[in-house]
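Peer 1: Mind folding the following:
(chains A and B)
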Number of protein chains: 2
Amino acid sequence: MLGLSRPTLRSDLALLVMLGLIDAKPKVGYTPGSAMSPGLHASRKLLNTKVKEVQALPVIVKENASVGDAVVSLFMENVGSLIVVDDQGCLSGIISRKDLLKFTFGNTNAATMPVSMVMTREPNVIHVSPDESVVDAAKKMINHQVDSLPVVVPSKLEQTGGIPRWDVVGRITKTIMTKILLDMAVGH
Amino acid sequence: MLGLSRPTLRSDLALLVMLGLIDAKPKVGYTPGSAMSPGLHASRKLLNTKVKEVQALPVIVKENASVGDAVVSLFMENVGSLIVVDDQGCLSGIISRKDLLKFTFGNTNAATMPVSMVMTREPNVIHVSPDESVVDAAKKMINHQVDSLPVVVPSKLEQTGGIPRWDVVGRITKTIMTKILLDMAVGH
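Peer 2: Just a heads-up that it's a prediction; the model follows:
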């Protein structure tokens, strides 16, 4: 249905591991009397938090799904963008509410077109690896003015035309960044 | 043009004052040897940062503007939502990319309808005051699942039917929250 290969929900579980601020680990990195500023501590904590610790499950659509299917998926899953994959499940593109609004507005035939006509296509998709820090992810979102990034790992499948192929393992968003910020404030 | 009463850009200047992390003030709140945890410091810093220190200028549309005008404004200003005001400039509603996509998709007459038909209307708009902390703003965005909030102050105009009226003075978004997070990491 809808070309969705893996219907997923926003991962509230991710909140539980966010930043390690709410887990049971003792805060071994800090000793009162250290000459480090508190800002430096917060900075280190953020730099040490990896994308894979806070990512949500990806919401995926196949590239031959229709724009109509994509709009329905976007609303059903309540996400700002969908990750598009090819027949072999590798990252093919990304399609956002903004892309869909621009394409469908006043275009009566839009619903039946394939998402591949509208999406931002690889290798132009901005993505992040699970082992990068949340700070790198935030930087990419701000610099490239996007609201979310697919989290990817290199695919074992053969490259086509020298372009690397990626398996999609997660999704990171400005909503997650906002939750991290909230967590830093109320987690103590 | 376009029913925009005040075309504005995302305030990059806001970055300069974000959290006070990059200003010239000495960090008087912290002395090495203090028993406070660094997390508590980061938490206090966030709790002490007010919305007015980081807000962007509001992007506004009048309630008699058309849905077509709103879509154009959204793309011209490159924002996720528009704040709708009444004839007297008071907050009337808010309209997002999501609202517009839902309303315009497959609706050939959508462009000529007034935005007041599509917007979330007062008193159902989630808003924040300039003196609330960024943490309160983050909390509201997460709890109510919205990507931005109008920043408002009570209007001096008479109430209608006992409902308070608000003047719009700013806009705060998950993008700003992401910039704050980034700033906390790289500002030191």
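Peer 1: State the distance from A:D167 to A:Q88.
Peer 2: Separation of A:D167 from A:Q88 (C-beta to C-beta, to the nearest Å): 9 Å. The way it works is simple: take the backbone N, C-alpha and C, and place the C-beta from them, glycine included.
Peer 1: any common contacting residues for these two?
Peer 2: The contact sets of A:D167 and A:Q88 overlap at A:S155 (C-beta atoms under 8 Å, 6 or more residues apart in numbering or on different chains).
Peer 1: is the lengthiest helix in chain A up against chain B anywhere?
Peer 2: If you go by DSSP state H, chain A has its longest helix at helix A:174-186. Yes: using C-beta under 8 Å from any C-beta of the partner chain, helix A:174-186 reaches chain B at A:174-175, A:177-182, A:184-186.
Peer 1: Check those for burial and list the buried ones.
Peer 2: For those, a burial check counting by 16 or more other C-beta atoms under 10 Å in any protein chain shown picks out A:174-175, A:177-182, A:184-185.
Peer 1: one step back: dump the residues of helix A:174-186 next to chain B into TSV; add pLDDT and distance to A:V152 as well.
Peer 2: Output for the residues of helix A:174-186 next to chain B, formatted as TSV (pLDDT from 0 to 100; distance: C-beta to C-beta, whole Å):
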residue	pLDDT	distance to A:V152
A:K174	98	18
A:T175	97	19
A:M177	97	19
A:T178	97	23
A:K179	96	22
A:I180	94	21
A:L181	93	25
A:L182	92	27
A:M184	86	27
A:A185	85	30
A:V186	78	31
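Peer 1: ok, these vs B:S43, which is closest?
Peer 2: A:A185 (4.9 Å; C-beta to C-beta).
Peer 1: That closest one: what's it in contact with?
Peer 2: B:42-43, B:46-47, B:135, B:138.
Peer 1: How is chain A partitioned into domains?
Peer 2: A:1-36, A:51-184 (automatic domain parsing).
Peer 1: Show me where chain A has its helices.
Peer 2: Using DSSP H, helices in chain A cover A:13-17, A:38-48, A:51-54, A:67-77, A:97-104, A:134-143, A:174-186.
Peer 1: which one of those has the most crowded surroundings?
Peer 2: Per residue and on average, the most neighbours among the helices of chain A fall to helix A:174-186, with a mean of 24 (mean count of other C-beta atoms under 10 Å in any protein chain shown).
Peer 1: ok now that one, how far from the chain's centre?
Peer 2: 15 Å (C-alpha atoms, centre = their mean, to the nearest Å).
Peer 1: same thing with stretch A:85-105?
Peer 2: 14 Å.
Peer 1: returning to that earlier point: out of the contacts of A:A185, the closest to B:P114 would be?
Peer 2: When the contacts of A:A185 are compared against B:P114 (criterion: C-beta to C-beta), the nearest one is B:A138, at 32.2 Å.
Peer 1: Excluding covalently adjacent residues, which one is nearest to the closest one?
Peer 2: A:L182 (4.5 Å; C-beta to C-beta, 6 or more residues apart in numbering or on different chains).
Peer 1: isn't that neighbour right next to B:K139, touching?
Peer 2: Yes: the pair A:L182 and B:K139 passes the contact test of C-beta atoms under 8 Å, sitting 6.0 Å apart.
Peer 1: Name all residues that make contact with the nearest residue to A:K140 once chain neighbours are set aside.
Peer 2: Distances taken as C-beta to C-beta, 6+ apart put A:I126 closest to A:K140, at 5.4 Å, once the chain neighbours are dropped. A:I126 sits next to A:140-141, A:144, A:146, A:149 when contact means C-beta under 8 Å, 6+ apart.
Peer 1: about what we covered before: for A:D167 and A:Q88, work out which one has more neighbours and name it.
Peer 2: Remark: of A:D167 and A:Q88, A:D167 carries more neighbours, 16 against 11, as counted by other C-beta atoms under 10 Å in any protein chain shown.
Peer 1: pLDDT at the more buried one, what is it?
Peer 2: Looking at A:D167, its pLDDT stands at 97.
Peer 1: which residues does it bridge with?
Peer 2: Note on A:D167: beta-bridge partners A:C90, A:V153, judged by DSSP bridges.
Peer 1: same check, this time on the one 4 residues further on
Peer 2: For A:R171, the beta-bridge partners are A:A56, A:P150 (DSSP bridges).
Peer 1: tell me, how many neighbours does it end up with?
Peer 2: A:R171 - counted by other C-beta under 10 Å - has 28 other residues nearby.
Peer 1: Pretty sure it sits against A:Q55.
Peer 2: Yes: in this structure, A:R171 is within contact of A:Q55 by C-beta under 8 Å, at 6.3 Å.
Peer 1: list residues touching both of these two?
Peer 2: With C-beta under 8 Å, 6+ apart, A:R171 and A:Q55 have common neighbours A:V151.
Peer 1: one step back: minimum distance to B:F103: which of the helices of chain A has it?
Peer 2: Here helix A:97-104 is closest among those (C-beta to C-beta), at 10.1 Å.
Peer 1: what's near enough to touch A:L82?
Peer 2: A:59-61, A:70, A:73-74, A:94-95, A:115.
Peer 1: at 6 Å what do you get?
Peer 2: A:59, A:61, A:70, A:73, A:95 (C-beta atoms under 6 Å, 6 or more residues apart in numbering or on different chains).
Peer 1: is it in a bridge, and if so with what?
Peer 2: Assigned bridge partners for A:L82, using DSSP bridges, are A:I95.
Peer 1: Model confidence for it, exactly?
Peer 2: 98.
Peer 1: picking that back up, compile the contacts of A:A185 into CSV and extend it with columns for pLDDT and distance to B:I163.
Peer 2: CSV is the format used below for the contacts of A:A185 (pLDDT from 0 to 100; distance: C-beta to C-beta, whole Å):
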residue, pLDDT, distance to B:I163
B:A42, 72, 38
B:S43, 73, 35
B:L46, 84, 32
B:L47, 85, 30
B:V135, 95, 27
B:A138, 97, 26
